[in-house]
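Peer 1: the following comprises the amino acid sequence and a computationally predicted model.
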Amino acid sequence: MSDFVETTHAYLNRQYNMLRREWRALPDGMKCIVGGSAGVYCAMKVPALRSRLYTHTHCCWDNTVRRRKWHSVVFAPFTHAGIFHLGFNCYVATSLLPFVQERMKKRRDISTANQAAAYLVAAAVLAQLGGLLISRIPPLNAMPAVGLSGGLYAALVLSTMAHPHQLWQLMLPVEPIEAKTLMTCLLSFDLLCLALTVLTRSPVTGIAHHVHLSGAAVGAASHYMLPQKSSSWFW
């Protein structure tokens, strides 16, 4: 029994030290994203605060426009539906940060890392604004959109349009997939689910697909605004 306790303690200690090193290695901008998201998630778990925070953190036409809660487009990217949603978005954002850095500047230092983190947040806010225009269509008008996924889609498209043939290793036991193939599949899935939601007037997946598509548009626009690379989407 004592051996089991010692082994477990040693394992947990290694994991804690690893997470501590990873946290220290993150740029300040990424720490603000992770810390802010975790703070909002914890606050939403407090029953006394949840009802008050809901209208300020959930972005949809009925709440943001009709109730004039325009600031929800800023707080929505830091709000997540659950612990898996929070962890997954933060993990993907951290993984995409170097690609956004490389696309913005060749020299990687702490300033460009913070600029890349700021881009993720700005793209997420713009994706929420774009999603608002689409959400006038029922039943999207009453479907709240939360999370950083709009900014993540913008970063994915930005990186894919610059390097369409780079390989992405998914968190699954499958072979790496080309960036343009992965992005095409994701966008096709979002378009299909959005169309089905509008046609059936009922949410198909509970995911804000319109915000994903809006984020992809932000990423495509960013690609043409930033200095051009030799690669393109098709070649």
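Peer 2: Cool, got the structure.
Peer 1: for the chain, give me the ranges with low pLDDT.
Peer 2: Within the chain, the set of residues satisfying pLDDT under 70 comprises 1-2, 106-111, 171-174, 227-235.
Peer 1: hey, where'd the helices end up in it?
Peer 2: Assigned by DSSP state H, the chain shows helices spanning 2-25, 28-44, 47-57, 72-75, 83-104, 110-134, 149-162, 179-200, 209-225.
Peer 1: which one, of those, ends up nearest to residue 168?
Peer 2: helix 179-200 (5.4 Å; CB to CB). In this view, the C-beta of every residue, glycine as well, is placed from N, C-alpha and C.
Peer 1: any idea how far that closest one is from the chain center?
Peer 2: From the chain centre to the centre of helix 179-200 is a distance of 16 Å (CA atoms, centre = their mean, to the nearest Å).
Peer 1: and it, what does it pack onto?
Peer 2: Contact here means 3 or more CB pairs under 8 Å, 6 or more residues apart in numbering; DSSP states H and E; on that basis helix 179-200 packs against helix 149-162, strand 167-168, helix 209-225.
Peer 1: from these, which stretch is densest packed?
Peer 2: Of those, the one with the most neighbours on average (mean count of other CB atoms under 10 Å) is helix 149-162, at a mean of 26.
Peer 1: next, the angle helix 179-200 makes with it.
Peer 2: Relative orientation of helix 149-162 and helix 179-200, computed by axes from the mean of the first three to the mean of the last three CA atoms, to 10 degrees: 140 degrees.
Peer 1: any idea which of the helices of the chain is most buried?
Peer 2: Comparing the helices of the chain by mean neighbour count (mean count of other CB under 10 Å), helix 149-162 comes out on top with a mean of 26.
Peer 1: residue 41 touches residue 87, doesn't it?
Peer 2: No - distance between residue 41 and residue 87: 9.9 Å, which falls outside the contact criterion (CB atoms under 8 Å).
Peer 1: re the thing from before, columns distance to residue 104 on top of the helices and strands packed on helix 179-200, output as TSV?
Peer 2: What follows is those, written out as TSV (distance: least, CB to CB, whole Å):
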stretch	distance to residue 104
helix 149-162	9
strand 167-168	20
helix 209-225	9
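Peer 1: which among these is found nearest to residue 20?
Peer 2: Comparing these under CB to CB, the one sitting nearest is helix 149-162, at 25.0 Å.
Peer 1: distance from the chain centre to the closest one, please.
Peer 2: Relative to the mean C-alpha coordinate of its chain, helix 149-162 is positioned 10 Å out (CA atoms, centre = their mean).
Peer 1: contacting residues around residue 211?
Peer 2: Neighbour list for residue 211: 127-128, 130-131, 145, 149-150 [criterion: CB atoms under 8 Å, 6 or more residues apart in numbering].
Peer 1: let's see 6 Å
Peer 2: Under the criterion of CB atoms under 6 Å, 6 or more residues apart in numbering, the contact partners of residue 211 comprise 127, 131, 145, 150.
Peer 1: same question, residue 206
Peer 2: When the contact criterion is CB under 6 Å, 6+ apart, residue 206 has no partners at all.
Peer 1: do residue 63 as well
Peer 2: Taking CB under 6 Å, 6+ apart as the definition of contact, the neighbours of residue 63 are 55, 69.
Peer 1: again, only using 7 Å
Peer 2: Applying CB atoms under 7 Å, 6 or more residues apart in numbering, we find residue 63 in contact with 55, 69, 72, 144.
Peer 1: what is the nearest of those to residue 33?
Peer 2: residue 72 (17.6 Å).
Peer 1: show me what contacts that closest one?
Peer 2: Applying CB under 7 Å, 6+ apart to residue 72 gives the contacts 56-59, 63-64.
Peer 1: try residue 69
Peer 2: Applying CB under 7 Å, 6+ apart to residue 69 gives the contacts 55-56, 63.
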